[in-house]
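Student: Sequence and predicted model, in that order:
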Amino acid sequence: MKICMVARTTLDHSRGGMQEDLQTLADGAVKAGHRVIVITTRHPDGLSVGEERGVEIHYLQDTIPESYKGGFYRKAYQRFAELDREIAFDLVHSESFAALAFSGQVRQPIVARFHGVSLSESDYVPLVWRMLTFRERVEALLRLPGVYRNHRRLQWFAIHVDRILVDSQFAFLELLRTHRRLDPSKIRCISLGVDVEKFRPIERETAKQQLGLRGVVLLFLSRLSVTKGARLALRAFEGLNKKDITLVIAGEGFDRPHLEEYVRQRRITGVRFCTIFDDQRALYYSAADLFLYPELTQPAFGLVGAEALACGVPV
């Protein structure tokens, strides 16, 4: 088959469960003999077309990296139509709602992979709201009418796609609860998995020595957004007020400047920020005495928690 996968973000943009899952699905399809082309947002370095392990990736130059804003839906459909005339795709795979503009416009069946459900992973969740600054709350309130309109569009998309894939039974039930008109027979639950050859324990002291760490190590590893709970982990660590404990915050995201500024202003010692490569994750997990996963919302599935457990660290 010839498969078009549409996503707002890939591993070239940042690290996260959605990006990992997209690459895993694409790799598997290529190994099974299918041709896979991914359409996504602008590459951070301006690349137009790339290839990763046999997967051809088209980056929309005039879009915003990792964002649905800036006309992404429309531009993704336009690029698809151009490619379809030449390739004649058999299937469209939408990561979350990336193929919103395709519904009702294409002859191919559309399969959507939902990693979150509606507003269950947003700034408006009470636990997240408590973590926001006054300015962030004002900005969130100003966005609310647009968020509501977008939510209605996404409900329409979920109803009209041919199949929906979710990560967990929780996501399955939550999707039905928030989308009353949705036919449950077209939803399939395919749980995320962990490669236990890639994520396996390394002797803890050896891992610490390789990373230049000592004493008790607490690890937070995730995309740095407010919903992931890094602010909560940082405040909890500040309250410990003990020596020989290091909090490692590993990851990138729009919340990192806020976290770094909080550490500077309050003169918190023992916090180490780092960006890690994919092949270093098992090493960081293994070096930790405790993995912190203070998720403030109800995600479909917490992949980092499973990865940490596979490396032998309590979560």
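Tutor: Good, I have the coordinates. Numbers count the residues shown, from 1 in each chain.
Student: E20 and W156: what is the separation?
Tutor: According to CB to CB, to the nearest Å, E20 and W156 sit 28 Å apart. Where you see a C-beta, it was placed from the backbone N, CA and C, and this is true even at glycine.
Student: Quickly find the element holding the residue of the chain most remote from its centre.
Tutor: Taking CA atoms, centre = their mean, the residue of the chain most remote from its mean C-alpha position is K243, at 33.5 Å. Assessed by DSSP states H and E, K243 sits outside every helix and strand.
Student: Could you report the neighbour count for V125?
Tutor: A total of 17 residues lie near V125 under the criterion other CB atoms under 10 Å.
Student: Is it correct that it is in contact with V226?
Tutor: No: with contacts counted by CB atoms under 8 Å, V125 stays clear of V226, the gap being 9.7 Å.
Student: ok so, going back, OK, contacts around the residue farthest from the centre of the chain?
Tutor: Contact partners of K243, counting by CB atoms under 8 Å, 6 or more residues apart in numbering, are 215, 270.
Student: And the pLDDT for it?
Tutor: K243 is assigned a predicted lDDT (pLDDT) of 83.
Student: do F291 as well
Tutor: For F291, pLDDT reads 97.
Student: can you check the one 4 residues further on too?
Tutor: As summarised for this prediction, E295 has a pLDDT of 88.
Student: How many neighbouring residues does the residue lying closest to it once chain neighbours are set aside have?
Tutor: Computed as CB to CB, 6 or more residues apart in numbering, the closest residue to E295 that is not its neighbour in sequence is G229, at 5.4 Å. Applying other CB under 10 Å, we find 21 residues neighbouring G229.
Student: wait, what's in contact with G229?
Tutor: The contact partners of G229, taken as CB under 8 Å, 6+ apart, are 131, 220, 292-296.
Student: which parts of stretch 176-183 are buried?
Tutor: Across stretch 176-183, burial judged by 16 or more other CB atoms under 10 Å covers 178-179, 182.
Student: Any idea how far that stretch is from the middle of the chain?
Tutor: A distance of 23 Å separates the centroid of the chain from that of stretch 176-183, by CA atoms, centre = their mean, to the nearest Å.
Student: ok, the helix or strand where H58 lies: who's next to it in the sheet?
Tutor: Taking DSSP H and E as the criterion, H58 maps to strand 55-59. Using DSSP bridges, strand 55-59 pairs in its sheet with strand 35-40 (parallel), strand 49-52 (antiparallel).
Student: Next, format the ones you listed as TSV and append mean pLDDT.
Tutor: Output for those, formatted as TSV (pLDDT from 0 to 100):
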stretch	mean pLDDT
strand 35-40	97
strand 49-52	88
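Student: most neighbours per residue, which of the ones you listed?
Tutor: Mean neighbour count (mean count of other CB atoms under 10 Å) peaks for strand 35-40 among the strands paired with strand 55-59, with a mean of 23.
Student: Contacts for that strand next, please.
Tutor: By CB under 8 Å, 6+ apart, strand 35-40 touches 1-10, 13, 22, 26, 29-30, 54-60, 76, 79-80, 83, 87, 89, 98.
Student: one more time with 6 Å
Tutor: The contact list for strand 35-40 (CB atoms under 6 Å, 6 or more residues apart in numbering) reads 2-7, 10, 26, 29-30, 55-59, 76, 79.
Student: before we move on, what about stretch 135-148?
Tutor: D123.
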